[in-house]
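*Asks:* sequence unknown, structure follows:
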């Protein structure tokens, strides 16, 4: 991406977080412009989906995705660019490592020679879930570990316990207060003493205040 400040194109951003950025030289014999036509962020369930597209690219190496939910920016991913292109190109990234709150995103557009330019900033609010729910563990069946996912609509006391098929407690995975949001934790197939348990059907119970939900899972060795 080559930037010529004398001919830097216009920058505009709508309320829907869509922007058009034009960089590069113009005119006969000049470099093709590198245009970031749009850059949007949308909350989808417990993730945030970023989409952007370019009209043209010259010497483009990558798009580094940066996120902030305070004053500090953090690189969370890098997406390979198309290098040189005269046709529209579409890109996307799903940010799964978020909880409820407001997040801002920007793209660091990097050239093959290491030079770079930032896009405008787009922001999105990930709302708290409206209901208490527990997802099926994944993978299932599993060996040796599996991920348990759940969501809570308001701050409250949470307790997560694994039981065997006879109802005996195997492991207390969590006990404490949590804010409204989406959560994940892993069970490594071990009991409270740190010993690996036998193959079989197990139950994990998630309690949020007075509400309780259960899911069966299968450990296969």
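*Replies:* Arrived safely. Computed from a predicted structure; not experimentally measured.

*Asks:* So what pairs up with residue 149 in the strands?
*Replies:* residue 184 (DSSP bridges).

*Asks:* quick one: contacts for it?
*Replies:* Applying Cβ atoms under 8 Å, 6 or more residues apart in numbering to residue 149 gives the contacts 134, 135, 137, 138, 182, 183, 184. Yep, even glycine has a C-beta here, placed from its N, CA and C like the rest.

*Asks:* Skipping its backbone neighbours, what lies nearest the residue positioned nearest the centre of the chain in space?
*Replies:* A centroid search over the chain (Cα atoms, centre = their mean) returns residue 95, at 1.5 Å, as the residue closest to the centre. Computed as Cβ to Cβ, 6 or more residues apart in numbering, the closest residue to residue 95 that is not its neighbour in sequence is residue 48, at 4.4 Å.

*Asks:* That neighbour against residue 104, yeah?
*Replies:* No - applying Cβ atoms under 8 Å as the test, residue 48 and residue 104 come out as separate, 10.7 Å apart.

*Asks:* and those two? which has more neighbours close in?
*Replies:* Counted by other Cβ atoms under 10 Å, residue 48 and residue 104 do not tie: residue 48 has more neighbours, with 21 against 15.

*Asks:* same question for the helix or strand containing residue 151, mean pLDDT?
*Replies:* According to DSSP states H and E, residue 151 maps onto strand 146-152. Across strand 146-152, pLDDT averages out at 96.

*Asks:* Then stretch 76-96?
*Replies:* 95.

*Asks:* contacts for it?
*Replies:* With contact meaning Cβ under 8 Å, 6+ apart, stretch 76-96 is reached by 32, 37, 46-67, 97, 103, 105, 109-110, 112.

*Asks:* Look up how far residue 163 lies from residue 186.
*Replies:* 17 Å (Cβ to Cβ, to the nearest Å).

*Asks:* what's the answer for residue 169, then?
*Replies:* Residue 169 is 6 Å from residue 163, by Cβ to Cβ.

*Asks:* Neighbour count: these two, which is higher?
*Replies:* When neighbours are counted by other Cβ under 10 Å, residue 163 comes out ahead of the other of residue 169 and residue 163, with 15 against 12.
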